[in-house]
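> Task: produce atomic coordinates for the following.
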Amino acid sequence: MSTNENYEDHGLLRFLTCGSVDDGKSTLIGRLLFDTKTILADTLSAIAKTSEKRGLGAVDLSLLTDGLQAEREQGITIDVAYRYFSTGTRKYIIADAPGHEQYTRNMVTAASTANLAIILIDARKGVLTQTRRHSKLAALVGIPHLIVAINKMDLVDYSQETYERIKGEYLEFAKKVGIDDIRFIPLSALNGDMIVERGEQLNWYNGPTLMEMLEAAPAAHTEHTEKFRFPVQYVCRPQDSANPDLHDYRGFMGRVEAGSLKVGDAVTVLPSGLSSTVKAIQIGGVDIAEAVTEQSVTILLKDEIDTSRGDMIVKSSEVPAAVKQIEATVCWMAEQPMDRARTYLIRHTTRDSKAKLAAIDHRLDVNTLENLPAEKLAMNDIAQVTFKLAQPLFVDPYTENRGTGAFIIIDESNNNTVGAGMIL
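Next up, the predicted model:
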């Protein structure tokens, strides 16, 4: 970490790479890790040996993310691979998502926590069906920032004309589907041009490198002001006869999903609707003045309110809607189709509610991007649906709060997660 007095932490950035098969996603990530010098010597040695076995003349950097043996043998990405690295000003979590349509659910899972997506395009092929599909899915799950990386420029003689043509084609598509925040960059992941270093071949491009774009990207939860949301995970009541001061201790433990809270703030506990004031906020038993997004804290209130796991603490001026019916975009993840006759369990933050499928409004054709009528949902289908709930949930639209706007669907018979949803 830098010791410079002007050191500024830009916050954690979670980003996703997606594109068609052989567009170079895994190579791009490998190049990022290699050029930022975050690869351990033993890891580099291992992939060098694997590259040699495959008869390659140079180290295949894509092997850094294609971690499964089956992926290495087939030369494709099957599961989502996560990698972590840091620079002097920021920490990163990279998700390398599979490109094929049959792994749509894997991509949605990876995209659900990402704040930026890199859409890779092969400069030889231009905008493909999978490019459009991945871009639409990234926008659908609320990724606010897109970087369109036109890769393999070395295979088109670093042609500016090719770059501009593909850029124009993508902008035309983006306008039709309502994607706004887009940046473009030409690069060669194989040779490292415009990844971390600028290289010598793209002098006609005056914009920032990919690494500079990532360094400057807004951190999560900074796009707009978020309301305070604190789902209660556990009620802490210490049992220590030797310490009488703990007899009245009643702390509500959990993770701040959004917003911030200070000692003295007026809060309301849902579903009871009872109000109190924050007496203390603690991390590991140490008092702090303020809790912020993604911190795991314990909140103590001035008044005794019957509160348990599944309840939610919010600021009294920011109470969310309590609903018993939700409309949502759902990605179905199970091999067994969604059954209208069955009852499912919806898990929203720390609260569960039984749910019935009331309607399938339409299904998205991920290739043509058309909305089609549907009677059932099969694995990897994405659709807009309506659920009726047995218990009220305290929700926000997914576009306002990804934490309290999302849920998973559970099959009660085997406790498997069968779907994921984003509340409209």
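> For the nearest residue to residue 384 once chain neighbours are set aside, the count of nearby residues, please.
Spatial nearest neighbour of residue 384, chain neighbours left out: residue 361 (4.3 Å); criterion: Cβ to Cβ, 6 or more residues apart in numbering. (C-beta placed from N, C-alpha, C; glycine too.) Each residue near residue 361 was counted by other Cβ atoms under 10 Å, and the total is 16.
> next one: residue 283
For residue 283, the count of nearby residues is 12 (other Cβ under 10 Å).
> what do you get for residue 266?
11.
> contacting residues for residue 252?
Neighbour list for residue 252: 230, 232, 234-236, 298-301, 307, 313 [criterion: Cβ atoms under 8 Å, 6 or more residues apart in numbering].
> And the pLDDT at it?
The per-residue pLDDT reported for residue 252 equals 97.
> coming back round to it: what's the closest of the contacts of residue 252 to residue 370?
residue 230 (40.2 Å; Cβ to Cβ).
> surely the closest one meets residue 257?
Yes - Residue 230 lies in contact with residue 257 (Cβ atoms under 8 Å); the separation is 6.9 Å.
> If you count surrounding residues, which of these two has more?
Neighbour count, other Cβ under 10 Å: between residue 230 and residue 257, residue 230 has more, with 27 against 24.
> Could you measure from the closest residue to residue 334 other than its chain neighbours over to residue 28?
Among residues not flanking residue 334 along the chain, residue 418 sits closest, at 3.7 Å (Cβ to Cβ, 6+ apart). Look at residue 418 and residue 28: by Cβ to Cβ, to the nearest Å, they are 32 Å apart.
> Same drill for those two, tell me which one is more crowded.
The neighbour comparison of residue 418 against residue 28 (other Cβ under 10 Å) goes to residue 28, with 27 against 22.
> Next up, the contacts around the more buried one.
Counting by Cβ under 8 Å, 6+ apart, residue 28 makes contact with 17, 118, 120, 149, 151, 187, 189, 195.
> Can you pull the phi and psi angles for it?
Taking degrees, to the nearest 10, you get phi -60, psi -50 for the backbone angles of residue 28.
> now swap in the one 4 residues further on and tell me
When read as degrees, to the nearest 10, the backbone of residue 32 gives phi -60, psi -50.
> mind listing what it touches?
85, 94, 195-196, 210-211.
> one more time with 6 Å, if that's ok
Contacts for residue 32 (Cβ atoms under 6 Å, 6 or more residues apart in numbering) come out as none.
> how close does it get to residue 49?
From residue 32 to residue 49 the distance is 22 Å (Cβ to Cβ).
> now the helices for the protein?
25-35, 41-53, 69-74, 104-111, 129-140, 160-177, 210-216 (DSSP state H).
> what angle do the fourth one and helix 129-140 make?
Calculated by axes from the mean of the first three to the mean of the last three Cα atoms, to 10 degrees, helix 104-111 forms an angle of 50 degrees with helix 129-140.
> what stretches of the stretch 51-200 of the chain score poorly on pLDDT?
Counting by pLDDT under 70, the stretch 51-200 of the chain contains low-confidence ranges at 51-52, 55-80, 99-100.
> For the closest residue to residue 287 other than its chain neighbours, give me the pLDDT.
For residue 287, ignoring the flanking residues on the chain, the nearest one in space by Cβ to Cβ, 6+ apart is residue 280 at 5.6 Å. Note for residue 280: predicted pLDDT of 96.
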